[in-house]
Structures are given as C-alpha cells and as structure tokens.
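K.L.:
sequence plus the predicted model coming up.
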Amino acid sequence: MKSGFITILGKPNAGKSTLLNTLVGQKVSIVSWRPQTTRNKITGIMNGEYKGEPVQAIFIDTPGIYQGKSLLSKYMEDSINTAAVGVDIIIYVLDGEKRIHTDDLSNIEKYKKSAAKTIVVVNKMDLAPRDMMVQNLTELNSVEGIAVIPISAVKNDNINILVEEVFKDLKDGEQFYPEDMITDKPLRFMTAEIIREKALIFLQEEIPHGIGVEILNYSVREDGLTSVECDVICERDTHKAIIIGKGGEMLKRISTAARKEMEKLIGDRVYLKLWVKVKPNWKDNNSLLINLGYNLKDL
C-alpha cells in the first residue's frame, strides 16, 4: 500500500483545521473564526485508494504560524517546527481573501525544504474576489518546486484534486493506523478541545486566548453515562465573571453546546460539569501547561 505523513501549515485563520476535517470526512480539529484556535498538532487519518492500490494518508494540523512571547506560544511554535520535519508532503494553506504577503512566500521557501513535495492551496476560493484569486495564483505559479491548487475547504471545491495530488506522490509503505481510526487523539483530549471551541464561539474577543481547559475527571459509569468534570481556566477575575455570565447563563450555554457535541462524538449520554478558576499568567506556568496537555517534551 501507499502511506505517508502530510503536514498542514499556514497563518492563523487560513482554514487549516477546516481543511483537515474535510479531508478526513469527520471533525477531528476544532474550528472557530478566531486566530490561534488550534494549539496542538492534531492528526487526522484518511484511508483511500489510488489506481487500485490502498492508501493511508496521515495529515497533521498545526497552530497558525505566529510568534508570541508566552510559554504557550513557544509550545505552539515548536509544535509547528517539529511537525514540518521528516514528513513526506507539506500543504501550505493561504487565505484566498487576502493578497499573498512576502511572509507567506518566505514561509513556503522555508518549509518546502522539509519535505519531498510542497503543495500550496489557496483556500476560500468561494469567497475570494476573482481578480485577487487570479493575482495570487499567477504569483504562486512563478515559484519553483511547488504545486498550486485553489480550493474551498468549506464547500469541498477541488478537494478531490488536492487528494489526488497527495496520493500520487506517497510512497510504498505500511499501514500505520487501523482503517476505522480517524485520529490518534484520545477522547479526553477531544473533550477539552470541544469545551474550548464552544468558549471561543460564545465569549468576547479578548477572553478566549486566555482560556485553558483542564480535565479533572473522565469516567464511564456502568450504565454507559460518561461523566466529565473540568476546570475552565482564565487569567482574571473580570474574565471569570464574563465566562460564568449573569446567573450562570454563559457557562450553561458553553456546557450545553459542548455536551451535545460530546454525545455525538461518543454516541452515548454525557454528564458535564464545569467550574471556572482564575490562574493569572497560566500561559507562562510550565507545570500547569503540562497538566493542560502542552508539554514541550512531547513534541
């Protein structure tokens, strides 16, 4: 069979996580309109066929390319760099609604040295002005050593072309994961990400990037009910008040939306209890970051 590893790179809000979910056919990476939604490397596993031969493509979603000063930002930056090393293919995702920046061209030149093949996808072709799309594609087609494909990850436009471009260059190899597996992330991790996604969606702009989710208890009872208890961690007392909301209404909205998605994910009932804890400067607290799943030693 053919198999290989493909890293998805790009700036924040380019649509990397949406692309991963579209490729895999199920939601494995959380999505919101806010930059830096993705903090970890997320693996999505796609099984298919190319010219009668089975294929397993392992896609790795990464945080948006961004340089911050906190330990959490350091973790995110290092996760990008480690994900770009030793892979078979790099997919660099551009936001088609914006003109290509010199930073993007520099990133493409930098990262294409890390893989045997580099594919640049210009996402959001369904939203991008036609003249901007033409300008972007013209500029990219002058760059040597890359394949260029316009897509819409949301609309599934040209995804088949991208998949064929990936499959044709994978080498003979082994099956790394069972066919029914779509991600290597455990349910405990997925639960924390779902809660954080709902917070990103419901809360005000200045709060979400100061939020972490710590799983205190994850257990399955004999009757099949999954019981989950979590701390939603924020940096300020004012943020805590907003997260809880008047009469606890905001926290209830986050909890209800998260519980419903968790039940769809695991296919059974879920009891979810959330508390809000203030931990100033938690993004620079190494021991707490490790508890939250952001351990530099794991990269």
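P.N.:
That came through, no problem.
K.L.:
going by C-alpha atoms from here, please, whenever you check contacts or count neighbours.
P.N.:
Fine.
K.L.:
in this protein, which helix is the longest?
P.N.:
helix 249-266 (DSSP state H).
K.L.:
which residues of this structure score low on pLDDT?
P.N.:
32-36, 205-206, 208, 299 (pLDDT under 70).
K.L.:
circling back to that earlier point, same question for the longest helix of the chain: list its buried residues.
P.N.:
Across helix 249-266, burial judged by 16 or more other C-alpha atoms under 10 Å covers 250-259, 261-262.
K.L.:
need those in TSV (columns: distance to Ala153).
P.N.:
Converted to TSV, the buried residues of helix 249-266 look like this (distance: C-alpha to C-alpha, whole Å):
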residue	distance to Ala153
Met250	31
Leu251	31
Lys252	31
Arg253	28
Ile254	26
Ser255	28
Thr256	28
Ala257	24
Ala258	24
Arg259	26
Glu261	21
Met262	23
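K.L.:
from the residues you listed, pick the one nearest Thr191.
P.N.:
Distance to Thr191 across these (C-alpha to C-alpha) is lowest for Met262, with 6.7 Å.
K.L.:
correct me if wrong: that closest one contacts Ile194.
P.N.:
Yes. Look at Met262 against Ile194 with C-alpha atoms under 8 Å: they come within range, at 7.4 Å.
K.L.:
and the strands in the stretch 151-299 of the chain?
P.N.:
171-172, 212-220, 226-234, 270-278 (DSSP state E, counting those that start in this stretch).
K.L.:
so Asn158 makes contact with Ile151?
P.N.:
Yes. Using C-alpha under 8 Å, Asn158 is in contact with Ile151, at 5.1 Å.
K.L.:
the more surrounded of those two?
P.N.:
Ile151 (24 against 16; other C-alpha atoms under 10 Å).
K.L.:
so who does the more buried one touch?
P.N.:
Contacts for Ile151 (C-alpha atoms under 8 Å, 6 or more residues apart in numbering) come out as 121-125, 157-159.
K.L.:
tell me the most buried of the strands of the stretch 151-299 of the chain?
P.N.:
strand 226-234 (a mean of 20; mean count of other C-alpha atoms under 10 Å).
K.L.:
report the inter-axis angle for it versus strand 212-220.
P.N.:
170 degrees (axes from the mean of the first three to the mean of the last three C-alpha atoms, to 10 degrees).
K.L.:
what lines up beside strand 226-234 in the sheet?
P.N.:
Strand pairing for strand 226-234, determined by DSSP bridges: strand 212-220 (antiparallel), strand 270-278 (parallel).
K.L.:
using TSV, please lay out the ones you listed together with distance to Glu109.
P.N.:
Supplementary listing: the strands paired with strand 226-234 in TSV, determined by distance: least, C-alpha to C-alpha, whole Å:
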stretch	distance to Glu109
strand 212-220	34
strand 270-278	42
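K.L.:
quick one: which of those strands is nearest Leu94?
P.N.:
Using C-alpha to C-alpha, the strands paired with strand 226-234 put strand 212-220 closest to Leu94, at 27.6 Å.
K.L.:
which of the buried residues of helix 249-266 lies closest to Asn21?
P.N.:
Glu261 (15.1 Å).
K.L.:
quick one: the helices in the stretch 1-150 of the chain?
P.N.:
For the stretch 1-150 of the chain, the helices defined by DSSP state H, counting those that start in this stretch occupy 16-24, 71-83, 102-111, 130-140.
K.L.:
just put the ones you listed in JSON lines and tack on distance to Asp223 and mean neighbour count.
P.N.:
Below are the helices of the stretch 1-150 of the chain laid out as JSON lines (distance: least, C-alpha to C-alpha, whole Å; neighbours: other C-alpha atoms under 10 Å):
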{"stretch": "helix 16-24", "distance to Asp223": "31", "mean neighbour count": "23"}
{"stretch": "helix 71-83", "distance to Asp223": "38", "mean neighbour count": "20"}
{"stretch": "helix 102-111", "distance to Asp223": "49", "mean neighbour count": "14"}
{"stretch": "helix 130-140", "distance to Asp223": "54", "mean neighbour count": "15"}
